[in-house]
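J.: Task: produce atomic coordinates for the following.
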Amino acid sequence: QADTRGHHRELPMSATACTSGLFPTCRHPRTARGSGWTTAAPQRVARTCCEAVPRPGGRTGSHALGRRAALLLKQSLALAQLDVYRAASRARTAQAHEAGCGVSASSSQVARAGSSSTAQTTRGPCGVRYLDTYAEVGGDRFPLAVWLPHTAASSPGPVTPAEDVYEYNISIRKLFRTMVKWDVPAWFDRTYRFPSNVPVAKLQDWEQARQELGPGVEFPLLAIAHGFLGTKLDFVDLAERLASRGFVVVAPEFADGLSAASAGSVPSKGRVDRFSASLRTVREQLPIAGSRIGLLGHSAGSGTVQQIEGRFPRVLLSGYLLATNANARNYVGDAGIEAAAKATKDPYLLVVSEGDSVLKFGGGVPTIRKGLTRNTRRFDSMSDATAASVANQQAAVFLETENHLSFMSSRVNDCMTDLLAPLLPLARLLKVSVLDFDVYLESQDSDKTNADLIPLIEEFLEPLRC
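T.: Have a look, this model is predicted:
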């Protein structure tokens, strides 16, 4: 309690909810053994996972009344589960660092690359590199997040965890325009900062990224498509984990995203155009193995990745098989259905839940079950699917309680909770769909869900690492 009070005094008001014990997943500085990096033991924390960036001459975080309402709501929902979630988060972080996540070239990589790959075979310290950049298609410039593995060719010196690695923008103005057609001031928009789960070094440009990876070895790639009103950081937990295992991970932001920057240029391009441009950009800029590329989509993003031409293993979270859904043609057209029909011949991993109310817009889980291919293996839990080894296969996992936001990072969901929770009564009054946000406020189960989801995705994508 003394530490908690100390944190509370040190922080600006917008972060008090996070460090006063109301958020179950806040990360604090800690000492990690056997990982090649250290930080000070927990003392007083200057920043945390859900601190809003101050506006020049303005107030930080939600307005006072909204902040008090948010604090009361979070306290009533989260205190009962606080110790459980904190323990799980500490255990998972410690396990990752004890296991080590440096990257070394596999024997097949060395054989293909020849002697030039020998520098890559030395195990590097745990950590990843992060590039916050942009891509462009047809004059439409849009945000792009890129995670890279930390290899032995990377620049020397320790990789230290940064408290403010990621900036996460929520545009209230865009949210109101999209959902209720109201024009509210941009003053309500907020940018949050939150830390990494692993040591991360931020890069400045593509040239530095190429230098970090070094010559002679090609890397597997995972491209992530967020859902409606999502952002490029929605799956930051998965991106960090896969980058620490040797993947390059790229995540574009679509025009229907939650941030103000996601709108891009006018007119902005569609999802498929932006996603294809992201793949093309990262393959032009970095040494990517063309035959070792995977795609992942959440919600609307699952439909996006099914429309990408080519042979790819695809991870579909909270989505449908477009080719077998009667309503899909109304949204993606004939060309989209034709591409999605070809995608059903590739390996796919579909994960959906009965507790996901957003799926009802397309007929729900019963419709999804009917639309599966004949070769699809079916599972009732993610751990069972992981144990059964679903790599290079077609598999579907049907869960019971997880909601639409459960699959996303808790760090992103915590920021949304901080700002949007006070608006929930208004959304209910206007009868606006909140995409399971109200359910997530009660469950706050992202960490628990990802503890099973990330190993499953790793297992499914394992052939790309070889």
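J.: In a helix, residue 290, correct?
T.: No. Going by DSSP: H, G, I helix; E, B strand; the rest coil, the assignment for residue 290 is strand, not a helix.
J.: Skipping its backbone neighbours, what lies nearest it in space?
T.: Excluding its sequence neighbours, the residue lying closest to residue 290 (C-beta to C-beta, 6 or more residues apart in numbering) is residue 283, at 7.1 Å. (Each C-beta comes from the backbone N, C-alpha and C, glycine too.)
J.: Could you do residue 168 as well?
T.: Leaving out its chain neighbours, the residue that sits closest to residue 168 by C-beta to C-beta, 6+ apart is residue 192, at 4.6 Å.
J.: What's opposite the one you found in the beta bridge?
T.: Beta bridges link residue 192 to residue 52, residue 168 when assigned by DSSP bridges.
J.: what about it, how many neighbours?
T.: Look at residue 192: counted by other C-beta atoms under 10 Å, it has 26 neighbours.
J.: what about it, distance to residue 329?
T.: Going from residue 192 to residue 329 by C-beta to C-beta, to the nearest Å gives 38 Å.
J.: that older thread, you'd agree the residue nearest to residue 168 is up against residue 413?
T.: No. Using C-beta atoms under 8 Å, residue 192 is not in contact with residue 413, being 11.5 Å away.
J.: can you list the weak-confidence ranges in the stretch 51-200 of the chain?
T.: 51, 53-126, 152-163 (pLDDT under 70).
J.: Repeat the analysis, applying 90 as the threshold.
T.: Scanning the stretch 51-200 of the chain for pLDDT under 90 picks out 51-127, 150-165, 184-188, 198-199.
J.: The stretch 351-466 of the chain now?
T.: 361-363, 466.
J.: one more time with 80
T.: Residues of the stretch 351-466 of the chain meeting the criterion pLDDT under 80: 466.
J.: Burial check on residue 407, number of neighbours?
T.: Residue 407: 26 neighbours (other C-beta under 10 Å).
J.: Spatially nearest residue to it (excluding sequence neighbours)?
T.: The nearest residue in space to residue 407 (C-beta to C-beta, 6+ apart) is residue 317, at 4.9 Å.
J.: what's the answer for residue 424, then?
T.: Among residues not flanking residue 424 along the chain, residue 438 sits closest, at 5.9 Å (C-beta to C-beta, 6+ apart).
J.: From the contact counts, what lies against the helix or strand where that neighbour lies?
T.: Element membership of residue 438, judged by DSSP states H and E, is helix 437-443. Helices and strands touching helix 437-443, as assessed by 3 or more C-beta pairs under 8 Å, 6 or more residues apart in numbering; DSSP states H and E, comprise helix 64-78, helix 410-420, helix 424-430.
J.: so residue 188 touches residue 172, yeah?
T.: Yes. Counting by C-beta under 8 Å, residue 188 touches residue 172, with 3.8 Å between them.
J.: For these two, indicate the residue with more neighbours.
T.: residue 172 (20 against 17).
J.: Touching, the more buried one and residue 426? I think so.
T.: No. Shown here, residue 172 and residue 426 do not form a contact pair, counting by C-beta under 8 Å, at 11.4 Å.
J.: rewinding a little: contacts for the helix holding residue 438?
T.: Residues outside helix 437-443 that contact it (C-beta atoms under 8 Å, 6 or more residues apart in numbering): 73, 77, 355, 357, 401, 403-406, 413, 416-417, 420-421, 424, 428, 446.
J.: Next, the buried residues of it.
T.: Residues of helix 437-443 classed as buried by neighbour count (16 or more other C-beta atoms under 10 Å): 437, 439-441, 443.
J.: Serialize these to a markdown table and add fields for distance to residue 253.
T.: As requested, the buried residues of helix 437-443 are arranged in a markdown table below (distance: C-beta to C-beta, whole Å):
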| residue | distance to residue 253 |
| --- | --- |
| 437 | 19 |
| 439 | 25 |
| 440 | 21 |
| 441 | 25 |
| 443 | 26 |
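J.: now for the residues you listed, which pair is the farthest apart?
T.: 437 and 443 (11.0 Å; C-beta to C-beta).
J.: if I look at residue 428, how far off is residue 437?
T.: Distance, residue 428 to residue 437, by C-beta to C-beta: 11 Å.
J.: what's around residue 189, how many residues?
T.: Neighbour tally, residue 189, other C-beta under 10 Å: 18.
J.: got it, and residue 191?
T.: Residue 191 - counted by other C-beta under 10 Å - has 17 other residues nearby.
J.: Okay then, goodbye and thanks.
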